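Enquirer: model the following, please.
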Amino acid sequence: MRKILLATLFCISSLLYSQADCSTALSVCGNSTITYSPTGIGNVNESLGGCLSSGEHNSIWYKITIATSGTLTFDLVPTNSDADYDWAIYGPNSTCGSLGTPIRCNAATVVGVGASTGLNMTSTITSAAGGSLTPYCQYLNVTAGETYYLYIDNWVGAGSSTTAPFSLTWGGTATLSSPFTNPSIQPNPFVPPGSPAANPNDPREILICVSPATFDFSTLSAGILNSNPNFTVSYHNSQNDALTGLNPLTGNQTVNTTTTYYYSIHYQDPANPNNPLNSCRQIGAFKFKQGNIVANDVTMYACNNNYSGQGLYNLTTAGVFSGSNVVIKYFPTMNDLNAGTSQISNPTQYVSGPGTVYALVTTSEGCSDSAAITLSFYSGFSVKDATLKVCTFNSVIKTGVFDLSTANVSSQSGLTKEYYPSVTDAINETNKITAYQNYVSPNGYVFVKVTDANACYNIAKINLEVIPPVYSTVLKDKTICFEDKTTLDAGSGFSEYEWSTGATTQTISNVGVGTYWVKLKTGDCIAIQNVRVYAAKSPVITSVNISNTTVTINVNGGTAPYKYSMDNVSWQDSNVFSNLKRGDHKIFVKDQYNCNPIEISIVVPNIINVITPNGDGYNDAIDYSALANKQNLVFDVYDRYGNMIFHADKFNNYKWEGTSGNKKVPTGNYWYSITWNENDKKNTQMKYSGWVMVKNRE
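Expert: The predicted structure follows:
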C-alpha cells in the first residue's frame, strides 16, 4: 500500500465526551498519517484481554473500516523516547462491550529513540506479552466492508508527566474508507486559508493589520470548502480539538500572531446519519501575520493622440499593488482620497492630461495604503502637412494619379501610415484608402494617420494638386492646298518638344496634309496636343446658265471669294461671261486658297431665232440633236403665256418644227429652254434659254 505522509492531514471521529473509550472510538478515514497525544483512560476502564492485562493508562480507540481488500500494516512511532506504547486489534466486525480476544496484541517493552511498534509483513507472531522485545506482529488480511477496533495505550502510567504524541502511518495493499479520497463525495479540492509561509513547513499565514485583532473565522469557510457539498468546517485552538471537533471557535475572536490555529473539515452523509464516514475529519494549521500592505507609486503613459492634450488611461493596470483580494479606489486628489469624495467612476477609461491621481488599496482585512499615479504622455513625434503635385491623368475630368506614400509628413522612422478621406474616418479607422499608391483624385486633400510603436497617432493633411496640361496657344489647325506644304509652329515657352514626325524642335517644316501631334513639356508634365493640316476643299460648279452669248457660272463649296477664267490666265471676280462665240469653251474656277482651279467644258449652242417650217429645207426646224450625247437632255418650248406646247426628246431627235399636238402653231414668238448635265466628274448642270419666231403660212 502507498503510504501518504501529510503532516497536516488527519481523519478521525468526532467525540461528544472522551475519545479514549471504545464506544466513542475515533474513525480512521483513509490511509493518511495520524498524529495524536493520548492522556487518561476516558470514562470506562475497558476489559482488554489478550496480552494486555494491567488495564488502561493513557489510551485512544480507533475504528477502522476497510474500503478495498488486501493486506494491512501500520507503524506507530512515539515522539518521546520515554514512551512505551502497547496496542491491540479486535475484529473483524466486533462491537464494543463484546470485543472478544484481540486478533493482534503487542505489549512488548519498547522504549528509547526510534522505539516503533505495529504490524509488518515480516513478523509471524500475532501476540507479544509484556516484557517481550518483539515490537511488531504479523500483518492482517482484510476484506472490504469489515470493521476493526484498534486500542493504543501509553503504559507510562496514568497522570504521568511523560506526554508522548505519536505518528501512526498505514501500509499494506488494503485501503481505508474516507470521504476525502472519493471524488463523488468531494468533487473539488479543499483550499487551505492564507498564503504559504517563508518556510513551507510552517503553518500558512493570514494577514492582519494589527496584533491582536478581532477576527471572524467563519469568513474563511467558503474559500476552504470550495463548493464541496455536505462538508462543514470548524476552527480550534489545538490540534486535538481539531481532530475531535471539540471546543470550536465561533463568532468574533481575538487573535494574535503567535498562536497556531487549526481548521477541521467534517463530512456529514445527508442520506445516512450512521455512515462511519460521518466521523471523518481533515485538519490543517494556520497562523496570523501582521503586515500592513504597501502600495507602490507608479507612472503611467498614454498617447497624446493628434495633439489633443489628453490621454486615455486604464488606471486599473497601474500595478499599485501586486497582491490579490484587495479593493482599489481612485481619486483625483489626495484630499479627495482622505475624505472619500469625488471617486473616479471610470478608472478603466480615464481621460486626462498629464498630472497625478491617487489610489487607495484596501485588503479584505481592512489594511490600506495609498499610492500616487503619475499620468504622463509617451514621447511624442511630430507630423506636418504635405502637398503632392501630379500631372493630370484625365484632362477632361481634371484628375491625377497620386502615390500617397511619397508625402513627407514625418522624418521619424518606425512609423506606420494609413490614409483616409477625412479626419473623422482617420480617428474611427473607417473608409481606409487601400490603393494609396495609385489614388485617382482631382484637386483636394486626404488625411494620413501616422502611428508609432506605442499605438499613439497624429494626423496630417495631404493637399492634392493636379497640374493641368499646358498647351500651345500658337499651334492651330491649318488648311492648305492638297498639293502644298506648310510649317507647324508649337510656340516658345516649353522645355522640350517631341513631334509625331520624330522632330524635337519648336517648328516642323515641309508638312503636308495630315494629322500630327506634339508632346510639350512644362516642368515634369507633358501635354500632348494634336494639330491637323486640312486639304482645302475645291469649289464646285453646280450649274451654268447660257442665255444667247452670255454665260453665268454658279459655284458653291470651297471658300469664297471665287475667281473665274475662260483661259486659266486672265481672272475676273464676276461669274458672268458675255459675247461668247458659239461653240465649245472651258470655264476655270478657284477659291481664296488659290489652289489648282477646277475646270469644265461648255457648249454655247448655235442659236436660231427664226424658223419657217414650210418644208423648203431652209430653217424648217430648231434642231439640237447635236447635244444628244449630253446627260439628261431636255428641250421644251413655251408660248407667250408660259404654257409648254412642245417637249423634245430622243424620240423626235430633239427637233421642233413649229408644231404643237401635230398642228402647226400660229406665227409668233415662242420661248424655249434646254437643260443637260455635262459629261464631267461633277455632272455639271447646264441650262440654255432663248426665243424663236415661227412663221407659218397656211
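
Enquirer: what pLDDT does the residue lying closest to I480 once chain neighbours are set aside get?
Expert: In space, not counting the residues next to it along the chain, I480 is nearest to T486; the distance is 5.1 Å by C-beta to C-beta, 6 or more residues apart in numbering. In short, each C-beta sits where N, CA and C put it, glycine included. We have a pLDDT of 92 for T486.

Enquirer: distance of T486 relative to T507?
Expert: 11 Å (C-beta to C-beta, to the nearest Å).

Enquirer: cool, H57 as well?
Expert: For H57, the distance to T507 - C-beta to C-beta - is 138 Å.

Enquirer: now Q529
Expert: Counting by C-beta to C-beta, the gap from Q529 to T507 is 14 Å.

Enquirer: could you do K687 as well?
Expert: Note on K687: its distance to T507, by C-beta to C-beta, is 50 Å.

Enquirer: now for Q529 and T507: what residues contact both?
Expert: Counting by C-beta atoms under 8 Å, 6 or more residues apart in numbering, the residues touching both Q529 and T507 are A490.

Enquirer: helices along the stretch 401-550 of the chain, start to end?
Expert: For the stretch 401-550 of the chain, the helices defined by DSSP state H, counting those that start in this stretch occupy 423-428.

Enquirer: same check, this time on the stretch 551-698 of the chain
Expert: Going by DSSP H, counting those that start in this stretch, the stretch 551-698 of the chain shows no helices.

Enquirer: below-threshold pLDDT in it: ranges please.
Expert: 607, 698 (pLDDT under 70).

Enquirer: in it, which spans are strands?
Expert: Secondary structure of the stretch 551-698 of the chain (DSSP state E, counting those that start in this stretch): strands at 563-565, 576-577, 583-590, 598-604, 610-611, 622-623, 631-638, 644-648, 655-656, 659-660, 663-664, 668-677, 685-694.

Enquirer: find the residue closest to Y148 in space, skipping its chain neighbours.
Expert: G91 (3.6 Å).

Enquirer: out of the helices and strands in this protein, which is least certain?
Expert: Ranked by mean pLDDT, DSSP states H and E, the weakest helix or strand in the chain is strand 34-36, scoring a mean of 75.

Enquirer: double-check that K287 belongs to a helix.
Expert: No: using DSSP: H, G, I helix; E, B strand; the rest coil, the assignment for K287 is strand, not a helix.

Enquirer: quick thing: my sequence starts at 419, can you match it?
Expert: Okay, using 419 as the starting number, the last item reads as K705.

Enquirer: report the contact partners of it.
Expert: Applying C-beta under 8 Å, 6+ apart, we find K705 in contact with G612, A615, D620, P621, R622, E623, I624, T675, T677, T678, Y679.

Enquirer: same thing but at 6 Å, please
Expert: P621, E623, T678 (C-beta atoms under 6 Å, 6 or more residues apart in numbering).

Enquirer: sitting in helices, which of these do you find?
Expert: With DSSP state H as the criterion, helices contain none of the contacts of K705.

Enquirer: restricting to C-alpha, output the host helix or strand of F633 in CSV.
Expert: Here F633, judged by DSSP states H and E, is contained in strand 631-634. Extracted C-alpha coordinates of strand 631-634, given in CSV (Å, rounded to 0.1, in the frame of the first residue of the first chain):
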residue,chain,number,x,y,z
ALA,A,631,-7.0,41.7,16.2
THR,A,632,-10.7,40.8,16.1
PHE,A,633,-11.3,38.1,13.5
ASP,A,634,-14.4,36.1,12.4
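
Enquirer: which other helices and strands contact it?
Expert: The contact analysis (3 or more C-beta pairs under 6 Å, 6 or more residues apart in numbering; DSSP states H and E) places strand 631-634 against strand 670-673.

Enquirer: list the neighbouring strands of the strand it packs on plus their orientation.
Expert: strand 631-634 (antiparallel) (DSSP bridges).

Enquirer: what residues sit buried inside the partner strand?
Expert: A631, F633 (16 or more other C-beta atoms under 10 Å).

Enquirer: give me the mean pLDDT for the helix or strand that that strand is followed by.
Expert: Counting by DSSP H and E, the element after strand 631-634 in chain order, helix or strand, is helix 639-643. The pLDDT scores in helix 639-643 average 95.

Enquirer: pLDDT below threshold where in this protein?
Expert: Across the chain (using pLDDT under 70), the flagged ranges come out as 419-437, 450, 529-532, 575-581, 1025, 1116.

Enquirer: switch to 50 and redo it
Expert: 419-436, 576 (pLDDT under 50).

Enquirer: let me see the contact set for S913.
Expert: K939 are the contacts of S913 under C-beta under 6 Å, 6+ apart.

Enquirer: separation between the residue sitting nearest the centre point of the chain and D1067?
Expert: Centroid-nearest residue in the chain, with C-alpha atoms, centre = their mean: E847, separated by 10.3 Å. Per C-beta to C-beta, E847 is found 92 Å from D1067.

Enquirer: is F649 bridged to anything, and to what?
Expert: Y685.

Enquirer: same check on V864?
Expert: Going by DSSP bridges, V864 forms beta bridges with I880.

Enquirer: neighbours of it, how many?
Expert: 23 (other C-beta atoms under 10 Å).

Enquirer: now do D1057
Expert: Neighbour tally, D1057, other C-beta under 10 Å: 16.

Enquirer: same question, G1060
Expert: 7.

Enquirer: how near is the nearest residue to T933 once chain neighbours are set aside to V1052?
Expert: Spatial nearest neighbour of T933, chain neighbours left out: R950 (5.1 Å); criterion: C-beta to C-beta, 6+ apart. Counting by C-beta to C-beta, the separation of R950 from V1052 is 43 Å.

Enquirer: E474 too?
Expert: 167 Å.

Enquirer: what of T842?
Expert: In terms of C-beta to C-beta, T842 sits 84 Å off from V1052.

Enquirer: the two: which has the busier surroundings?
Expert: V1052 (14 against 11).

Enquirer: residues contacting that one?
Expert: T1093.
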